[in-house]
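**Student:** coords please:
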Amino acid sequence: MADDMSFETEPKSALPEEQGQQQQEPPLSIIEPILKYTKVSKLPPSIFKDSISACLSTDTFLVFGAHSGVIHVTKLDFTIIRTYRAHKASVLGLSSDGTYIGSASLDGTVVVISILDKSDILVKDFKRPVHSIALDPEYSVTKSFISGGTAGEVVLTERGWLGNLADTVLDSGEDPVVSIYWIEDVIIWMNGAGLSVYGKFNKQLLLNLPIPVGGEGCRPRICVPERNRLYIGWAGKVWNLKIEISKHRRSRRESGIIGGGPSKGLLSSGASMVFSAASSLVSNSVDQTITVEAELDMNLLVAGIASFRDSIMVLSYPGLSGDSEQKNPLTPRIQLLDSTGVITYTDTSLKLEETQRLRPNDYHLLQFAETTSASKFLIISASEIVVAEERDLGNKIEWLLENGAYGEAWKFSANYGPSYDRYQIGISWVQDLLSKGNWLKALNTLSMIQNTFIDTYSEDMTLDKRIEHSIQIWNKFGWKFIDHGKYITETAELLPAISSETNDRAIYDAILIHYIDELDLKNLIQYLKKWDTKLYHFDTIKVYFEDILKQNPEEEQLRKTLISLYLQLEDYLAAATHLVYLKDPSVLELVQRQNLFHDILSKIPELLTLNLSHEDDLLLSPLPILKDTLSAAITAVVHARNSVLPQQVVDELLKRGDSMRVVVFLYLDRLTLVDPLVCKQFDDLRFELLSEFDRSKLLNFLKSATRRNAAAGDNPGTKSSLDYNRAIQICEANDYIPELVYLLEQTGKIRQALNIILTRLKDTEQAITFAKTHYQERELWDDLITYCMAHTRFLRMLTEHTVGYLTPAEIIMRIPPRTGVKDLKQLLAGAFAAQERAVCVHRGILSLVKRDTLEITNTLRKLRNGGSCIDPVSDPEAANVTRALGVGETIVVLPSGKLRTENELLAPIFHREESDSIDENNEADVFSGPEDWYARGYGSRSVGQKVKHLAYIKSKLAALLVTPI
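**Tutor:** Residues are numbered from 1 along each chain as shown. Reported below is the predicted structural model:
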C-alpha cells in the first residue's frame, strides 16, 4: 500500500485557472525530537558543592558520589535522604542491592553502608585505588562484593563463619580493573584484557571481548533492559548481549559438586560461600551461555547507555579523532540504536553547561525509575542534572502544528483527543493546501479526512449521518473536479488515493487497463505506486503486468513497481523471483527473513552470484576477490542448510556447468567451517575442487580426513567419505607429489611412496626421514640402501643420518664389489665413531637408571623395615593410633585363629551380662575365668602366636592408615 499520508500529487496538466498556482508542499527541514529536556533546578546545593564523579539509580533512591569523597543519597524527587563522607578522595564506583550502598574510592577503600541502619557499616582498605565495586544482588544475606582497581585484580570479598572478611582473587592482570558489575547470576569486569563475562551457575568464563580502541581511558557503561539481555558501551563500541539459561538435573558428581569440581572453573574454593553447590546427590544444573547479537563501531564515544522502548539509547560524546585532548570538545548527544546496532535517531538538541572542561567520563545516563506514563532519564554531568523525558502524543501534535506539518499532525491525532478536534486539524490542513494553490493535493487530503471521519466513532453523530455528511462534502468539493476533467488521466489524478467502502474498484481497473492497452508505462507505474492495491482488483491486473514483463523483460521500472506491490501484499516469493532477475542485493535479506530458500531452489545459482557484474567473472576473477564478492550470499545459503540441503545446492550448481564449480568450492569451503559433519559427504568433491582451486589446503584436508577416520573408530557416521584411490589418481594426473606421497603412505603403499620421493623428488634427506618414521619396515631400509648404492654420492648422507637405525656394517656389506666411493675411509671412520658415541650415551643412560633404581629401592626397603615412635600421652593423634591397635592390652590368638584382647576374654567372668560379645558359636573360646585362661597355656606366647599377633597389628594399621605396611 502506498502509505503517502501527505498526498504530494503532481497533476500532469493543471486546469487553466490553476496554471502557475500549483506548488509542492516543501518537506520539513527539521527533525522532530523524541525527547524533551528539563534542567533540574531545585537541587540541594550540597550535591554540586563538589563535582559528581559517580552515580546510580534504584527503584527507590538515587546515589551521587563526589570527587571530595562525599556521598549523597536522595529520593527520586532529589530530596536528600542522607549525606555522608565515605572516603578521603574521589568516589570512583557505586553499587547497591536496594538496601546497602557500596562505594569504591581513589583512596583505596571500599565502604558498604546500610540505608536503614547507620551503624551497619563495612570498611575495607585495599591500599591501592579501587575503581569499581559490585555488591552481590543478595548482599543483605551473603555480605559479599567484588571490587577491582589499579592493582589489576578482581577480588571477591566475603564474610567468613567467624565474621572476618576473606578475599579471593578471581582474575588478575597488569592493567587496572576499570569496571565491575554483578547482575543476578552474571559477573562482568573490564580491564586491559577486555570485557569478561563470568557465569555464576557453571563457574565458567562465558565470554571475553577484546578491549576496544581507546578503551583504556574510557569508562564502560552498562544497561540491563531485560533479565536475559545486556547493553554494554565502551569507548566507541556498543554490544547487544543475550544470556541464555538452561536447566537440567544431574548427579553431584556430574555437576562438579563431588570430586574435582568443574574442569574450567575460574573461582577458587575460597568463593564457596557465594557459589555453593547443592547439597543433595541430585541437583538442578544450570548452563549459561552468552551471545553477541549485535556489535556496533561508533564514530562517537559512549558516555552513557540505557534502554528506550525497543531501542538502545546512547549518550554519545563526539569522537576525538585519535586526540584524547581535543581543544574544543562538543556537547554530548542522544542517539538511538536498534537491536542490530543500526543508528536510527540522533538528537542534537541537548544543551549542557561547561562542556569545555568535561570529557566522556564526566557524564552519566541513568534510567529514571519514577513511575510515569513516559520514559524518563537522568543526564548527569559533573555540575548539573537534566531530565530527559519522552515526548507524549500531545507534545508531538503541538510541535507539528507549530511547524506547519498539518498532515502529520492529523495522522498522529488519530488516538488523541475528540474526533472533532482531529477533524478541525484536517480542515486546517486542507485550507493550508488551498492557500498555497495546491488544489489537487487539497482534494485528495479532503478525501482522506472525510473517509476517516466516517470510520471514527462519534457520540454526536451516527455512522449513517457521518456517511451522508461525507458524501455531501465530496459532491460539493470533489466530484466537480472529476466532472471538469474529461479524460482518464485527469480523472485518475483527481481520484482519492485512500480506499473506502464507497470507492468503485471498477473505475481503477479501467484506468489501469487503459494504460496497459496504450503501453503508457510511465503513468501505469505512477499510479501503481500511488494507489492502494485495495482500490482495484490486483489479482486481475497482475496477470497483465506479468505478460508485459515476459514480452519486455527490460522494463526495469515496471518490474520494480510490481515487486513493491508484491511486498505490500506479502507475496514474498513472487517478489523474490523478480528481485533475483534484477540482481537486487536486497533479495538476500528478503529470502533470509522469510525463509524462502527451498521455494527458490532453482534460483540458488543466481542468488549466489548476485554481486557478479558479468558471468565471465566466475572464470576471470581471482579467487580471493571472488570469495569476498560472494561471501554474503554463500554465508546466507550455508546458514539455511536446514531449509535447503547442501546436496540440493551442490546439485543445482553443478547443473549450470563447469563455470559454477568455483561457486561449489566456495560454498563447501564455508560449509566446512560452519558444519564439518554435514560436509563430510562431499569429501571426494572437495578434494577435486581443492586440487583445482586451492592446492595449498589440499594436504591439510587429507590430514584432517585421516584424523577424523582415526577418531571415529567403529563409528562410521563420523568417518571421512574420501575415496583414497580416486584421490591418488587426481594427484598423479596433476603431478601433486607431496599429496601423492601422503596418500600412498596412508593406504599402506609405503614402498611406492618412498620410491616416488627418491625418483620424483630426488630428495634423499626426505627419504631417510620417511624411512625413520617407518623404522620397523625393513624393506624400506633395503630400498633406501639399494638406491644409495646406485647413487654413491648419497652414501655419506645415508651413513651420517641413520645412526641408531642402520649400522655401518649393514651399509658396507651392501656396497657392490669394485665400487669406488669417494672418501670411504673417512666416511666409515665417522660412521663408526658416531655409532660408538651412541653406544656410550646408551650405556651412560643405563648406568644412571640403575643408580636411581638402586637408591629408590634402598629407600623403599628402609621405609618398609623401619618403624615410628609414638607418644600416646603428648600426641593425641598417636593416642588414636594406639587405641586402634589395642596398645596396652594383651592380644591373644585363640585356637580357632581369631584374635581377642584380654578384656574381651575376661569379660565372661567379670561381666556375665555382656557374654554375648564373645563368639557364642565357638564354645571352645569361652573361659570360666583367668585360671582357666592360664591353665590352657595362653599365658605364654609361641612363635606362631607372635606371627599372628604381628599380622593383627598390620591389619589394624592398614585399616587406619589406608596404605598397607
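**Student:** Can you give me the neighbour number for K436?
**Tutor:** 16 (other Cβ atoms under 10 Å). Where you see a C-beta, it was placed from the backbone N, CA and C, and this is true even at glycine.
**Student:** Report pLDDT for the residue nearest to Y724 when sequence neighbours are not counted.
**Tutor:** Nearest residue to Y724, sequence neighbours excluded (Cβ to Cβ, 6 or more residues apart in numbering): T747, at 5.2 Å. For T747, the pLDDT comes out at 82.
**Student:** ditto for the one 10 residues further on
**Tutor:** Turning to I757, the model gives it a pLDDT of 83.
**Student:** Then it would be within a helix, right?
**Tutor:** Yes. Assessed by DSSP: H, G, I helix; E, B strand; the rest coil, I757 belongs to a helix.
**Student:** dump the residue contacts of it.
**Tutor:** Contacts for I757 (Cβ atoms under 8 Å, 6 or more residues apart in numbering) come out as 741, 763, 766-767, 770.
**Student:** The helix or strand containing D782 packs against which elements?
**Tutor:** D782 is part of helix 778-790 when elements are defined by DSSP states H and E. If contacts are counted by 3 or more Cβ pairs under 8 Å, 6 or more residues apart in numbering; DSSP states H and E, helix 778-790 sits against helix 750-756, helix 764-773, helix 795-801, helix 808-814.
**Student:** Next secondary structure element downstream of the helix or strand of the chain with the lowest mean pLDDT?
**Tutor:** Among the secondary structure pieces of the chain, namely its helices and strands, helix 252-255 has the lowest mean (mean pLDDT, DSSP states H and E), a mean of 39. Of the helices and strands lying after helix 252-255 in sequence (DSSP H and E), the nearest is strand 282-297.
**Student:** quick one: strands adjacent to that following strand?
**Tutor:** Using DSSP bridges, the strands paired with strand 282-297 in its sheet are strand 237-251 (antiparallel).
**Student:** ok, and the closest non-adjacent residue to the most centrally placed residue in the chain?
**Tutor:** With distances taken as Cα atoms, centre = their mean, the residue of the chain nearest its centroid is T291 (2.7 Å). Nearest residue to T291, sequence neighbours excluded (Cβ to Cβ, 6+ apart): K242, at 4.8 Å.
**Student:** repeat for L446
**Tutor:** V430 (5.0 Å).
**Student:** How about L690?
**Tutor:** Per Cβ to Cβ, 6+ apart, closest to L690 is L698, 4.8 Å.
**Student:** In this structure that neighbour contacts L689, no?
**Tutor:** No. The pair L698 / L689 is not scored as a contact, 10.0 Å apart, by Cβ atoms under 8 Å.
**Student:** now I101: how far from Y84?
**Tutor:** To Y84, I101 is 10 Å away according to Cβ to Cβ, to the nearest Å.
**Student:** Give me the number of neighbouring residues for the residue lying closest to Q746 once chain neighbours are set aside.
**Tutor:** With Cβ to Cβ, 6+ apart as the criterion, Q746 has its nearest non-adjacent residue at 5.8 Å, and that residue is T706. When neighbours are defined as other Cβ under 10 Å, T706 has 17 of them.
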